[in-house]
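Asks: Just to be clear, the model below is a prediction. Sequence and coordinates:
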Amino acid sequence: MESPFLNNLLHLAAEDRRFSVELAQAKEEFQRFAGPIFITDRNFDARINSFHNWYLLDRPMQSVGKTPLLYFLEFNANTLPQAELDGFRELGDNIHSLFELLAVTPDETRVRDVFTREKYRVPGSDQTRHLDAGALFNTRIFKHGGQLFFANYFILHPGVVNKAILGQAKKVRKRKGDMRAFLYQLLLFQSRWDQYKQMDIRNIYRFEG
């Protein structure tokens, strides 16, 4: 399942100029550190949705100095029902990480956060039933009313480099490095994997230091 509040905010951002005016500039910024987004990519939907999540939840708008989510909450604080406001506020508490797939049943998906080692049971399996146990992917987990939801994108990494990715994640965790920078480095590598299929994947997912 996906977060209904996230989908509503995504729709609003596309339709309302207050939120969409910086979209093109933000996309250029995102592509500089996470890799280009081409409409011909086989993972185009996942990559454009990862950008939209970043734009709405993480990037302050230059015009107001707040993320679109925070600006939306401030603008609608006195007009929306409290329950709806609370649902949108919960979007800010999302878990943005690299996840390892532990198991999939018809009713739920079990994953582990590679950085915190926390395990999560997310209802449903529509997004994960085609994946094998041990798969690594970038996404976010949202929580609304005590229920967990995946974001509307999965950036899946090739299994042949899982060991290298987990090893580097362990190094980042031990030195208390910038976890988010590592997440976007993985997006960059995955983008290159999409573009350069003729290259040895191990030469793309190369971690220095």
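Replies: Looks like it arrived, so ask away.

Asks: Only C-alpha atoms from now on, for both contacts and neighbour counts.
Replies: OK.

Asks: so where's the protein uncertain?
Replies: The model of the chain has pLDDT under 70 over residues 1-2, 209.

Asks: where do the helices sit along it?
Replies: In the chain, the helices defined using DSSP state H lie at 4-15, 17-20, 23-34, 44-57, 68-75, 82-89, 162-174, 179-195, 201-204.

Asks: so which of the ones you listed comes closest to Ala103?
Replies: Counting by Cα to Cα, Ala103 lies closest to helix 162-174 out of the helices of the chain; the figure is 16.5 Å.

Asks: tell me how far that closest one is from the chain's mean position?
Replies: 19 Å (Cα atoms, centre = their mean, to the nearest Å).

Asks: same question, stretch 199-209
Replies: Its chain's C-alpha centre and that of stretch 199-209 lie 22 Å apart, by Cα atoms, centre = their mean.

Asks: Same check on stretch 154-166?
Replies: So, by Cα atoms, centre = their mean, the centroid of stretch 154-166 is 15 Å from its chain's centroid.

Asks: returning to what we had before: deepest-packed of the helices of the chain, please.
Replies: Ranked by mean neighbour count, the helices of the chain are led by helix 44-57 with a mean of 20 (mean count of other Cα atoms under 10 Å).

Asks: how about this protein, which residue sits the furthest from its center?
Replies: In terms of distance from the mean C-alpha position of the chain, Asn78 ranks first, at 29.8 Å (Cα atoms, centre = their mean).

Asks: if we can go back for a sec, let's have the helices of the chain in a markdown table, adding distance to Leu131.
Replies: Putting those into a markdown table (distance: least, Cα to Cα, whole Å) gives the following:
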| stretch | distance to Leu131 |
| --- | --- |
| helix 4-15 | 24 |
| helix 17-20 | 34 |
| helix 23-34 | 23 |
| helix 44-57 | 15 |
| helix 68-75 | 31 |
| helix 82-89 | 29 |
| helix 162-174 | 14 |
| helix 179-195 | 17 |
| helix 201-204 | 19 |
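
Asks: Run through the bridge partners of the residue nearest the centre of the chain.
Replies: Nearest residue to the geometric centre of the chain (Cα atoms, centre = their mean): Thr139, 3.6 Å. With DSSP bridges as the criterion, Thr139 is bridged to Ser97.

Asks: surely it meets His157?
Replies: No. In this structure Thr139 lies outside contact range of His157 using Cα atoms under 8 Å: 11.6 Å.

Asks: In PDB, list the C-alpha atoms belonging to stretch 5-21.
Replies: Extracted in PDB, the C-alpha atoms of stretch 5-21 (Å, rounded to 0.1, in the frame of the first residue of the first chain):
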ATOM      1  CA  PHE A   5      -1.500  11.600   2.200                       C
ATOM      2  CA  LEU A   6       1.700  11.500   0.100                       C
ATOM      3  CA  ASN A   7      -0.300  10.900  -3.100                       C
ATOM      4  CA  ASN A   8      -2.600  13.900  -2.300                       C
ATOM      5  CA  LEU A   9       0.400  16.100  -1.700                       C
ATOM      6  CA  LEU A  10       2.100  15.000  -4.900                       C
ATOM      7  CA  HIS A  11      -1.100  15.800  -6.800                       C
ATOM      8  CA  LEU A  12      -1.300  19.200  -5.200                       C
ATOM      9  CA  ALA A  13       2.300  20.000  -5.900                       C
ATOM     10  CA  ALA A  14       1.800  19.300  -9.600                       C
ATOM     11  CA  GLU A  15      -1.400  21.500  -9.800                       C
ATOM     12  CA  ASP A  16      -0.600  24.400  -7.500                       C
ATOM     13  CA  ARG A  17       1.900  27.000  -8.800                       C
ATOM     14  CA  ARG A  18       3.000  27.800  -5.200                       C
ATOM     15  CA  PHE A  19       4.600  24.400  -5.000                       C
ATOM     16  CA  SER A  20       5.500  23.700  -8.600                       C
ATOM     17  CA  VAL A  21       7.300  27.000  -9.500                       C
END
